[in-house]
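Asks: Below is the sequence, then the predicted model.
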Amino acid sequence: MRRRIVNAPDAVVSCVSSRFHLPLENADYHRHRAVSKSHLDLVARSPLHYWARYVDPNRIEPEPTPAMLLGTAVHTHILELDQWDQRYIAAPDGVDRRTKAGKEAWAAFEAESAGRTVISRTDAEQVMAMGRAVHGHPAAAYLLGLKGKAETTHIWTDEATGLECKCRPDWLTDDGQLVVDLKTTEDASPAGFRKSIANFRYHVQAAWYLHGLEQATCTRPEQFIFICVEKKPPHAVAVYAASAEMVGAGGEQALRDLEVLATCKAANSWPGYSDGVDVIDLPPWMRPRADGSMPAPAEIETF
C-alpha cells in the first residue's frame, strides 16, 4: 500500500475539510453522493455491484429489509428517544378492516399517524425491551450517559483520490474522543460477534469512522466502541472496543476499496467477477487436515 490510515494517537495528519456535523436527516445522508462505508462494501464485492446500486441510471432503489427497519427503530428508541413519538406509532390491535367499524377505526389511525412509520405492537415491544436491556447494562449505560450527539454527519475529501467521503456515527461524545456504534445482532457473544465483524466488515467501519472524523474535525477519537444487543430475549448486551489490530486491518481494506473505486470512476469501467474460467476448490474448513484425515461431518439429530 502506498498509504495507510494512521492509528498512532500522536500521528500528525492534515485536516482536509472544515465541515462538521452537517444538519442532514438520515434519508438525506444516504442520498448524498459522498462515499460511505456501505459504498466500500459493494466495491469489495465487485465494482459492478457498486455501479448497479449507485451509478446505473435505471437503478431501482431497494426497499429496506425488516432487519433494517428494526435496527433503525432500535437506534431511534435508544439514541434519540425524544424523537420516537414523532417518527413512530404502533398499530392498534384488534382492528378488523373487513368491517365498517374496522375501516373507520383504521382510517382514523392513518390520519393520526400521518408522516410517521407504523410498526406493529409486537415490534414496538421488542424495541422497548432491547432499549431497557441496553440501558440496564452498566458499561453501555455509562457510555450513552456521556455528553454527546447522535447521528452527526461528517464529510471530508480524500486527498489521494479526490473523492468526497462521509460517515455518520451513531453516538459521538462532545469531546470527540469516543465513537459508540449500536449493533442489533443474533449473537452478542465474543465468538458470535467476531463472525459479524467478518461478515459485515465492522473492522472497516471502525477504521473508516476514526479516520473520517480525524480528517473532518482535526480530532481523532481515541476509541471505537460497539454496543451489541441481541434481538431475541433475554436481549443480552455486550460492549466491545475495537482493537488496534482490528482498526489497522480495516483501514488497509478501506483504502484498497477506495483506490479501486477511484480507478473505476476514472476509467468508467465496472468489472464484476472473472471473465474467464477459474478453478474452484473446497472451502478451507472442508479440506483434509495436515495428517490426511477428513473433518468430521456435522452431527445430525435423529428422533
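Replies: Done, it's in.
Asks: got the end-to-end distance for stretch 56-72?
Replies: Looking at stretch 56-72, the gap from its leading to its trailing residue is 27 Å under the measure CA to CA, to the nearest Å.
Asks: Quickly note the distance from the closest residue to Lys231 other than its chain neighbours to His39.
Replies: The spatially closest residue to Lys231, leaving aside those adjacent along the chain, is Thr184, at 5.5 Å (CB to CB, 6 or more residues apart in numbering). Placement of C-beta: from N, CA and C, glycine included. Per CB to CB, to the nearest Å, Thr184 is found 22 Å from His39.
Asks: still on that earlier bit, what sits against the residue nearest to Lys231?
Replies: Thr184 is in contact with Ala67, Leu70, Gly71, Val74, Met130, Cys228, Val229, Glu230, Lys231, counting by CB atoms under 8 Å, 6 or more residues apart in numbering.
Asks: how about whichever strand or helix holds the fifth one: buried residues?
Replies: Yep, that's Met130 we're talking about. Under the assignment given by DSSP states H and E, the secondary-structure element containing Met130 is helix 121-135. When burial is assessed from 16 or more other CB atoms under 10 Å, helix 121-135 yields the following buried residues: Asp123, Ala124, Gln126, Val127, Met128, Ala129, Met130, Gly131, Ala133, Val134.
Asks: so what secondary structure elements neighbour that helix?
Replies: Contacts of helix 121-135 with other secondary structure elements, assessed using 3 or more CB pairs under 8 Å, 6 or more residues apart in numbering; DSSP states H and E, are made with helix 66-79, strand 88-90, helix 138-145, strand 223-230.
Asks: quick one: the longest one to helix 138-145, angle?
Replies: By that I understand helix 66-79. When axes from the mean of the first three to the mean of the last three CA atoms, to 10 degrees is applied, the directions of helix 66-79 and helix 138-145 differ by 70 degrees.
Asks: which strands and helices sit next to helix 66-79?
Replies: Using 3+ CB pairs under 8 Å, 6+ apart as the test, helix 66-79 ends up in contact with helix 84-87, strand 117-119, helix 121-135, strand 178-185.
Asks: before we move on, back to that, from the chain's centroid, how far away is the helix holding Met130?
Replies: For helix 121-135, the distance from its own C-alpha centre to the chain's C-alpha centre is 20 Å (CA atoms, centre = their mean, to the nearest Å).
Asks: From the rest of the structure, what touches it?
Replies: Taking CB under 8 Å, 6+ apart as the criterion, the residues outside helix 121-135 that touch it are 70, 73-74, 77-78, 81, 88, 90-93, 119, 140-141, 144, 182, 184, 227, 229, 231, 233-237.
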